[in-house]
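Undergrad: no sequence for this one, just the structure:
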Ligand SMILES: Nc1ncnc2c1ncn2[C@@H]1O[C@H](COP(=O)(O)OP(=O)(O)OP(=O)(O)O)[C@@H](O)[C@H]1O
Ligand SMILES: [Mg+2]
C-alpha cells in the first residue's frame, strides 16, 4: 500500500476510518488528561494503572463470559482504580515511598492477571495466551462499537475535565490554597485520577498495557515545551496524542502487521524529542544558543574593558 | 465586639508527636500580629490548624465569633512561597485571579471583572507590568508579591501569611509593610509568621511568642520582652538590639554563638 | 534431578537473586528506575543478538548492563535540563527504548528464538529442556545463568556492603568520605540490569520487578536493620517462589505469574499484620496513644489555668467540652482515662490535678 492509497483509504475506507478515529480519540483523551497527571507529578501512576488493568479485563471476562468492549473496559477500570487506591494507601500509611508502591502494584497485578489468563485457558505457557494484542495493542482490531464506547467514555471524561477546569487547575497548582477557598480537594483529586483511569482504559486496545503510560507522559512533556498557558498546553497535548495515534496506526498498517503500540509510542516519543530540543525559549537548542551568546557578550565586555 | 481571632486550647499532633500544646491566642480586629518562634516551633502548623488544613486533637478556633467553616469567605491565606511548583504553566495575572475562585464558587469561570480586580491588586503590590509574565520567570520577592496580590483580591477581613518576608530584599520588604499597614487601615486583621526579631516592634502591634506552647500573646509593648524571648528561644537568642525590645532593657547577647534568631531557615 | 525439582530450584534462585538488589531499590526510592531498566534490557539483548547471532552469548549480559546504564544516564540527563521532572523523565525514556526493541524484533528477528512475549513473560516451565554440561554435570542452562547472577549480586553487596549502606542512608556523608555515591548508584543499576537479563527467560521482565520490589518492601515493613532486611527479603522471595510454583501447579497456570501473585499476597499479609508497622498494630497503638495523649492534654490544660483567675471555671467538666471542643461522651471518657492514670481527681464537678498529673504535664512541657 503506498501513501496515496493510504490517504484515500483514511478518508473513504470504512475500516481504516474507524481505526483512525479510534486512535485519534485515544490520543486526545490521554494527551489532555496526561497533561494534568504530569503537572501533578503522577506521570508514573499511568504505568501502574495500565498494568493493573490486566487482571480486571480477565476477571470481567471470567465473571460475565462476555467479550463486549464495555464489559472488559469496566473490568479494566475497576482494577485500575483498585491499583490506584493501593498505591496511594501504601505510600500514605506506611514508610514505603511512592515508587515502591507503584512497582509493587504494577508488577503484582500484572502477574496476577497473567496467572488468571493462563488458568482460564488451562495452558500455563504464557506465550500462547494470545496476550500479544493486549500487551502491545492492535489498532486494526478496533471495530465500530469499540470506537463508539471510546468516544462515549472519552467524551464524558473530557466534558468533566471542562466542567471542573478551574477547580482542577487550582488542585494542580496550589492544593492547600484551594482547600482554604472551600473546595473539597481530596474529592477533586479522586475525580481527576478517575478520569485518568478512563483515559488509560480507552487506550489499552490500541496501545497495549505495557506502553500505554507513554501516551500519558510524552504528549504532555512535548506540549509543555511550547507554551506557558495551561489551556494551550492541554489542548496541544491532546493534539500531539492524536497525531501520534493516527500516524502510528498508519505506519504500522503500511509496514504490515506491526503491533500498533510500539509504533505509536515511537511517534509520540519523536514529537517529545523534537519539542525538548527545538521548542522556542525552553528547548535545549534555544537555551544553548542563549548561553553561548551570553558567554560571547561577556567575553567582549571583558576584552573591551582591558586597556 | 468579637475578637477577630480566638484560638482556645488548641492542640495539634502529627501522628503521635504533639506539635502544639494547648495554645490560646486572641487577636482584636484591625491589628497586625506577628507569630514568632524558633524553627519547628509550630508556627506554620498553627496557621494550618486555624485554616482547617491540619486536623486538630482538641481546641476550637473562632473567627469573629463564628467557626472557621462559616467564615471561610472572610479569611485570606498566603502560603509559604516554596509550597508550590513555580514551573507550572501559567502567568501572573492568572495566579492572582485564583484568589477570586472561592467567591466564584463551582463551575463559574473568571471573567472581565475578576481580571480587573487582579490587575488592580497587582498595581497595589507594584507588579502591574508583570501581569503577563510566566511565573517561572519571577524572582523570589516577585513571587511573594504575586501571592500577596492573590490574597488582596480575596478581599478578606482577616489574613494569614506564612513568612511573607522570607528571602525578599529591602524594597520588597517595604512594599509588603506598606501593604500590611494599608490593610490594617482598611480595618482588616493580619496575622503574619515572622522571623526577624529586629523588626517585630516596628512592623507589628501584637505578637504571639510560640514554641510548642504559647509563651505569650498580646500587644508588643507588653509581651515582647527579654524574659519572654528567652523562654521562647530557650537561651539561644542573639543580637536583638535594645530598641527592638519592648522593655528597652539590656541587649541580649548570644549564648550559643552559631544560633541567630532572625531570618533563620 | 526431576524437572519439577529443577524448576523449583530455578524459581528459588531467581527470587533470591532479585530480592537482594531490591532492598537497595526500595530504600533508595529507585524502584521505578528498576522497572524502566527491566524493560530497556530488551534493547540491549536485541542489539547484542544482531551482532553475535547467539542468544546464549555472555555478551548479552554486558549489553544489558550497558543499556541499563544508558537508561539511567538518559533519564538523568533529561532531568538535568529541568524541562521535565524526574517521574516524567523515566516515563519518557523507557517506553521509547522498549518500543525500538519491540519493533526491531518483530521486523528483523522473527523466527529466531527471540520473540517479545518470551522476553516479557518468560517461561519457567520450559527452562529444564535447554541443557548444558558444566563440569561434567548435565544442568539446565538457565540454572547456570541465574546462579552466576546470584553470585554476582552476593559478591557486589558483600564487597560494598559498608559503602552501600552509607550511600543509602546518608549520601552526603558518603560523598565527603570519598565513597563516590554516584559510582555505587551506577553499579547498583548495572546489577539490576544483569539480574533482569539473567531472569528474563525464566520469569520475564515485568515480573522481575515484582520479585525485586515486593519482597524487599515487605521486609522493610518488618525491620529497619539492613542486614536483617536483606535476609528477610530473600526469605520472602524464596517463600513466594515455592508457594507460587505449587499454586501454578494446582491451577495449571503460569508459574511466574503465580510467583508474582504470591509476593503480593505475602506483602498484603505483612502490610496488615506486621508487628510494629502493620496497619493493625498501628491502629491499636494509635487508639491507645490517643487516649494517653488526651489525658496528658487534660493535665496540661489544668496546669495552664492553675492559679489563673479563671481556674475554677476552666476546671469544670462541662466547660471542657466547650473549650476543648470535645464531644460530651469523649470528654467523659478522657476524664475517666486520666483518673485511671492518676493524673486528676474529680471533686464535685471540678477537676483537680494530682501530683502525678502535675509532674506529667511539667515533664511533657519541658521536653
Ligand atoms: N506533615 C508533617 N508530618 C509530621 N510532622 C510534621 C509535619 N509538618 C510539620 N511537622 C513537624 O511539626 C513541627 C512544627 O512544624 P512547623 O512547620 O509548624 O514549624 P514552623 O514553626 O513553621 O517552623 P519554620 O520556622 O521552620 O517554618 C516540626 O517539628 C515538624 O517537624
Ligand atoms: Mg513554617
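TA: That came through, no problem. Since this is a predicted model, take the numbers as computed values, not measurements. Ligands and ions are numbered 1, 2, ... in the order given.
Undergrad: wait, doesn't residue A:179 sit right on residue A:188?
TA: No. Counting by Cβ atoms under 8 Å, residue A:179 does not reach residue A:188; the two are 9.9 Å apart. Placement of C-beta: from N, CA and C, glycine included.
Undergrad: Can the host helix or strand of residue B:59 be said to contact chain A?
TA: Per DSSP states H and E: residue B:59 is located in strand B:58-63. No. Using Cβ under 8 Å from any Cβ of the partner chain, strand B:58-63 stays clear of chain A, with a minimum separation of 12.1 Å.
Undergrad: Report whether that strand contacts chain C.
TA: Yes. Strand B:58-63 lies within reach of chain C by Cβ under 8 Å from any Cβ, at B:58-60.
Undergrad: Is any residue of the helix or strand harbouring residue A:99 near chain C?
TA: Per DSSP H and E: residue A:99 is located in helix A:98-121. Yes. On the criterion Cβ under 8 Å from any Cβ, helix A:98-121 is in touch with chain C at A:99-104, A:106-119.
Undergrad: what about residue C:158, neighbour count?
TA: 12 (other Cβ atoms under 10 Å in any protein chain shown).
Undergrad: Now that we're looking at it, what pLDDT does it have?
TA: As predicted, residue C:158 sits at a pLDDT of 92.
Undergrad: Okay, and the beta partners of the spatially closest residue to residue B:3 that is not a sequence neighbour?
TA: The shortest distance from residue B:3 to any non-neighbouring residue, by Cβ to Cβ, 6 or more residues apart in numbering or on different chains, is to residue B:26 (4.9 Å). In this structure, residue B:26 bridges to residue B:6 when assessed by DSSP bridges.
Undergrad: just to revisit the earlier point, quick check: neighbours of the strand holding residue B:59 in the sheet, parallel or antiparallel?
TA: Strand partners for strand B:58-63, identified by DSSP bridges, are recorded as strand B:5-14 (antiparallel), strand B:66-67 (antiparallel).
Undergrad: Give me the contact list for the shortest one.
TA: Spelled out, that is strand B:66-67. B:60-61 (Cβ atoms under 8 Å, 6 or more residues apart in numbering or on different chains).
Undergrad: Next, format the residues of strand B:58-63 next to chain C as CSV and append pLDDT.
TA: As requested, these are arranged in CSV below (pLDDT from 0 to 100):
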residue, pLDDT
B:58, 83
B:59, 86
B:60, 87
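Undergrad: Return the closest of those with respect to residue A:134.
TA: Checking those against residue A:134 with Cβ to Cβ, the nearest one is residue B:58 at 53.5 Å.
Undergrad: residues touching the closest one, list them.
TA: Neighbours of residue B:58 in contact, by Cβ under 8 Å, 6+ apart: B:9-11, C:294, C:297, C:324-326.
Undergrad: tell me which parts of chain B are close to chain C?
TA: Contact residues (Cβ under 8 Å from any Cβ) of chain B with chain C: B:8-9, B:11, B:13, B:16, B:18, B:21-22, B:24, B:56-60, B:87, B:212-213.
Undergrad: Restricted to buried residues, select the residues you listed in ChimeraX.
TA: To isolate the buried members of the residues of chain B next to chain C in ChimeraX, using 16 or more other Cβ atoms under 10 Å in any protein chain shown:
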select /B:8,9,11,13,18,21,22,24,56,57,58,59,60,212,213
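Undergrad: now the strands: where do they sit in chain C?
TA: Per DSSP state E, chain C carries strands over the ranges C:131-134, C:137-140, C:344-347, C:350-353.
Undergrad: quick check: mean pLDDT across the last one?
TA: With pLDDT averaged residue by residue, strand C:350-353 scores 80.
Undergrad: what do you get for the first one?
TA: The predicted model gives strand C:131-134 an average pLDDT of 77.
Undergrad: Repeat that for stretch B:61-75.
TA: Rounded mean pLDDT across stretch B:61-75 is 87.
Undergrad: and what of stretch B:92-106?
TA: Average pLDDT, stretch B:92-106: 93.
Undergrad: if you look at that stretch, does any of it touch chain A?
TA: Yes. Stretch B:92-106 lies within reach of chain A by Cβ under 8 Å from any Cβ, at B:94-95, B:98, B:101-102, B:104, B:106.
Undergrad: Which residue does the stretch 101-250 of chain A have closest to chain C?
TA: Ranked by Cβ to the nearest Cβ, the top residue of the stretch 101-250 of chain A for proximity to chain C is residue A:111, at 2.4 Å.
Undergrad: So for that residue, what's the nearest residue that isn't a sequence neighbour?
TA: Excluding the flanking residues, the one nearest residue A:111 by Cβ to Cβ, 6+ apart is residue C:260, at 2.4 Å.
Undergrad: Residue B:128: how many residues sit nearby?
TA: Neighbour count for residue B:128, taken as other Cβ under 10 Å: 15.
Undergrad: surely residue C:206 meets residue C:121?
TA: Yes. Counting by Cβ under 8 Å, residue C:121 is a contact partner of residue C:206 at 7.5 Å.
Undergrad: How about residue C:52, nearest residue that isn't a chain neighbour?
TA: In space, residue C:52 is closest to residue C:59, 5.5 Å off (Cβ to Cβ, 6+ apart).
Undergrad: Next up, the contacts around the one you found.
TA: Neighbouring residues of residue C:59 by Cβ under 8 Å, 6+ apart: C:48, C:51-52.
Undergrad: Which among these count as buried?
TA: The neighbour count (16+ other Cβ under 10 Å) marks residue C:48 as buried among those.
Undergrad: any idea which element residue B:19 lies in?
TA: Per DSSP H and E, residue B:19 falls inside strand B:17-27.
Undergrad: Tell me the helices and strands packed up against that strand.
TA: Under the contact definition 3 or more Cβ pairs under 8 Å, 6 or more residues apart in numbering or on different chains; DSSP states H and E, strand B:17-27 sits against strand B:5-14, helix B:43-50, strand B:206-211, strand B:213-219, helix C:279-304, helix C:355-366.
Undergrad: one more time with 6 Å
TA: Here strand B:17-27 touches strand B:5-14, strand B:213-219, helix C:279-304, going by 3 or more Cβ pairs under 6 Å, 6 or more residues apart in numbering or on different chains; DSSP states H and E.
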